[in-house]
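need a 3D model of the following:
(one chain, ligands or ions: 2)
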Amino acid sequence: MPEQSLGNLPTSQSPITPKLQFFNAVMANGKQIPTYRVLDGSGQLLEGAELPEIDEALAQRMYKNMVQLPIIDNLLYNVQRQGKISFYMTAHGEEATLIGSAAALAPDDEVLGQYREMGVLLWRGFGYDAVMAQCLGNCEDTCSKGKQMPVHFGSPKFHFHTISSPLATQIPQAAGVGFALKRDPARRGRNCAVVYFGEGAASEGDFHAGMQLASTIPTPTLFIARNNGFAISTPSHEQYHGDGIAARGPGYGMYTLRVDGNDVLAVLSAVREGRRLCVEGGQGVLIEAMTYRVGHHSTSDDSFAYRSREEVEDRKRIDNPITRFRAFLESQGWWNAQEEEECKDRMKKEIMQAFKRGESLPRHELNEMFSDVYGGEEPWNITEQREELKRLLKKYGNTWEPWKELKKHKTEGKELLQEGS
Ligand SMILES: Cc1ncc(C[n+]2csc(CCOP(=O)(O)OP(=O)(O)O)c2C)c(N)n1
Ligand SMILES: [Mg+2]
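Ligands and ions are numbered 1, 2, ... in the order given. A predicted model of the protein is given here:
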């Protein structure tokens with residue numbers, strides 16, 4: 001029997017009901033939001049699923065981009081252990097989320113990442129030398145001229161905004177970037193801002209500020225939540241008690257999708273369609289990619305203090321994003337064992353070569369430490385800090401420990417030590 005209409009309040013479209021009934025779910029019958037998948041756990045097309053538009057060349061490019069990530073990650077993780085770089089974060093387990101989304105975006109969509117999104121930059125052509133330059137902080141680092149911690153990439157050329165360590169700051173900034181794109185006649189309806197963030201970062205107030213801004217202005221901002229199960233040691237079930245991050249999208253009136261983040265083809269389709277809605281509608285869209293952080297949070301973490309080795313070993317195997325996509329490629333006749341071997345050998349050589357080259361280069365001139373920190377005229381505090389360093393170097397001379405560091409810099413700090421400088 002159809003429910004009798006009791007009308008609605010003058011200020012709302014909400015139908016009036018005599019039933020006192022609280023609700024606590026976005027989906028009907030209290031079900032959780034479904035997870036969109038294209039490939040099953042072993043890389044076969046799921047019954048009823050549609051393959052995204054993809055040809056052999058694109059599929060191989062995506063696969064190669066996924067495969068290179070753990071090779072770089074393993075190298076730089078070990079290099080940190082040797083004390084050659086100060087810090088590192090891997091993207092182990094999240095390769096499909098990163099590459100599937102990168103492949104779905106336009107190369108000039110503005111990306112605002114959290115810190116695990118190096119794969120997006122590499123997809124756009126950043127290159128191994130630039131990765132090494134940033135992580136080593138050598139004289140070729142264009143991201144911040146050696147001023148930032150490793151993995152804090154940034155590239156105007158590749159439309160990748162510089163990473164900030166304070167969590168979630170990129171989220172309202174992305175809504176602002178979306179607004180700027182909307183105001184620019186050359187980019188309106190053509191580009192969006194894309195913001196990546198972890199499920200942990202989504203607990204920050206900035207997440208809500210960004211969602212609200214993109215929703216109400218509205219601005220073409222694509223929100224990609226990487227739900228990898230952990231915020232350092234806090235498991236996601238302690239991070240929220242609702243139905244994940246996706247459940248919040250409709251609260252802001254945003255088109256929302258939850259996707260299997262270990263299924264690169266599902267991520268490709270999801271982000272293509274999400275991007276279309278975002279750019280054509282000039283509005284915010286939310287995608288929650290479900291994945292698993294296989295690696296430790298960072299080189300400063302030992303995750304076996306809060307999760308079992310068995311769990312990690314299981315998750316490396318179950319729905320592994322790389323082996324799953326490889327199985328799909330092989331089933332299409334687009335890849336074989338020989339290509340796999342050659343590809344990995346070549347990448348390992350190229351990555352090691354880039355590291356060795358990067359390691360042999362000096363750091364930027366010491367003076368660069370103080371440049372480009374702020375735009376415009378140099379503020380007094382930077383001038384003061386430069387003078388202080390000059391004074392200390394001159395006072396304590398070359399017996400002082402930091403003096404030895406000067407040798408690692410181009411011109412060995414001479415620009416600061418010269419009389420009258
Ligand atoms: C405002 C702020 N609080 C705390 C931290 C310390 N911190 C760095 S990463 C992190 C966890 C973030 O987890 P999540 O957003 O899920 O991203 P993931 O590391 O899982 O990719 C924390 C608490 C920080 N960088 N900034
Ligand atoms: Mg996380």
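
per-residue confidence at whichever residue of the stretch 51-200 of the chain sits closest to ligand 1?
Ranked by CB to the nearest ligand atom, the top residue of the stretch 51-200 of the chain for proximity to ligand 1 is residue 198, at 2.2 Å. Any C-beta I mention is one placed from the backbone N, CA and C, and that applies to glycine too. In the prediction, the pLDDT value recorded for residue 198 is 98.

now do stretch 131-141: everything it contacts.
For stretch 131-141, the surrounding residues in contact (CB atoms under 8 Å, 6 or more residues apart in numbering) are 72, 76, 84-85, 88, 118, 121-122, 129-130, 142-144, 146-148, 150-153, 354-355, 357-359, 361-365, 410.

try stretch 240-252
Outside stretch 240-252, the residues within contact range by CB under 8 Å, 6+ apart are 24-27, 32-33, 199, 202-203, 211-212, 214-215, 223, 225, 227, 236, 255-258, 284, 286, 288, 290.

A helix includes residue 134, no?
Yes: secondary structure assignment places residue 134 in a helix (DSSP: H, G, I helix; E, B strand; the rest coil).

touching, the residue of the stretch 51-200 of the chain closest to ligand 1 and residue 226? I think so.
Yes: contact status for residue 198 versus residue 226: in contact at 5.5 Å, counting by CB atoms under 8 Å.

pull up the overlap in contacts between those two.
In the contact map built from CB under 8 Å, 6+ apart, the residues linked to both residue 198 and residue 226 are 114, 116.

look at the two and report which has more neighbours.
Set residue 198 next to residue 226 and count neighbours by other CB atoms under 10 Å: residue 226 wins out with 29 against 26.

how about that one, secondary structure?
strand.

mind checking how far it is from residue 306?
Shown here: residue 226 relative to residue 306, a distance of 19 Å by CB to CB, to the nearest Å.

tell me if the host helix or strand of residue 70 is near ligand 1.
Taking DSSP states H and E as the criterion, the element that holds residue 70 is helix 56-81. No: using CB under 6 Å from any ligand atom, helix 56-81 stays clear of ligand 1, coming no nearer than 13.4 Å.

pick out the residue in the stretch 251-400 of the chain sitting closest to ligand 2.
When CB to the ion is the measure, the stretch 251-400 of the chain has its nearest residue to ligand 2 at residue 293, with 6.1 Å between them.

grab the nearest non-local neighbour of that residue.
Using CB to CB, 6 or more residues apart in numbering and skipping the chain neighbours, the partner closest in space to residue 293 is residue 228 (3.9 Å).

separation between the one you found and ligand 1?
Residue 228 sits 5 Å away from ligand 1, going by CB to the nearest ligand atom, to the nearest Å.

let me see the domain layout of the chain.
Per automatic domain parsing, the structural domains of the chain span 56-360, 379-417.

so which of the ones you listed is the most packed in?
Among these, judged by mean count of other CB atoms under 10 Å, the one packed with the most neighbours on average is domain 56-360 (a mean of 20).

report the separation between the two terminal residues of it.
As for domain 56-360, its first-to-last residue distance stands at 38 Å under the measure CA to CA, to the nearest Å.

how distant is it from the center of its chain?
If you compare the mean C-alpha spot of domain 56-360 with that of the full chain, they lie 3 Å apart, counting by CA atoms, centre = their mean, to the nearest Å.

just the closest residue of this protein to ligand 2, please.
Using CB to the ion, the closest approach of the chain to ligand 2 is made by residue 198 at 3.5 Å.

next up, the contacts around that residue.
Contact analysis of residue 198 by CB under 8 Å, 6+ apart lists 114, 116, 167, 225, 226, 227, 228, 231.

quick check: phi and psi at the last one.
It refers to residue 231. Main-chain torsions, residue 231, degrees, to the nearest 10: phi -120, psi 100.

likewise for the second one?
Taking degrees, to the nearest 10, you get phi -100, psi 20 for the backbone angles of residue 116.

tell me the pLDDT at the nearest residue to it once chain neighbours are set aside?
Counting by CB to CB, 6+ apart, residue 116 lies nearest to residue 91, which is 4.7 Å off, once chain neighbours are set aside. On pLDDT, residue 91 comes in at 98.

what of residue 1?
The per-residue confidence score, pLDDT, reads 50 for residue 1.

over to residue 53?
So, for residue 53, pLDDT stands at 98.

which stretch of helix or strand covers it?
Using DSSP H and E, no element contains residue 53; it sits outside every helix and strand.

show me which residues of the stretch 201-350 of the chain are close to ligand 1?
Counting by CB under 6 Å from any ligand atom, the stretch 201-350 of the chain comes close to ligand 1 at 201, 226, 228, 230, 231, 232, 293, 297.

now for those: which two are most distant?
226 and 232 (14.2 Å; CB to CB).

center of this protein - which residue?
With distances taken as CA atoms, centre = their mean, residue 117 lies nearest the centre of the chain, 3.0 Å away.

wait, it sits on residue 99?
No: under the criterion of CB under 8 Å, residue 117 is not in contact with residue 99, lying 10.5 Å apart.
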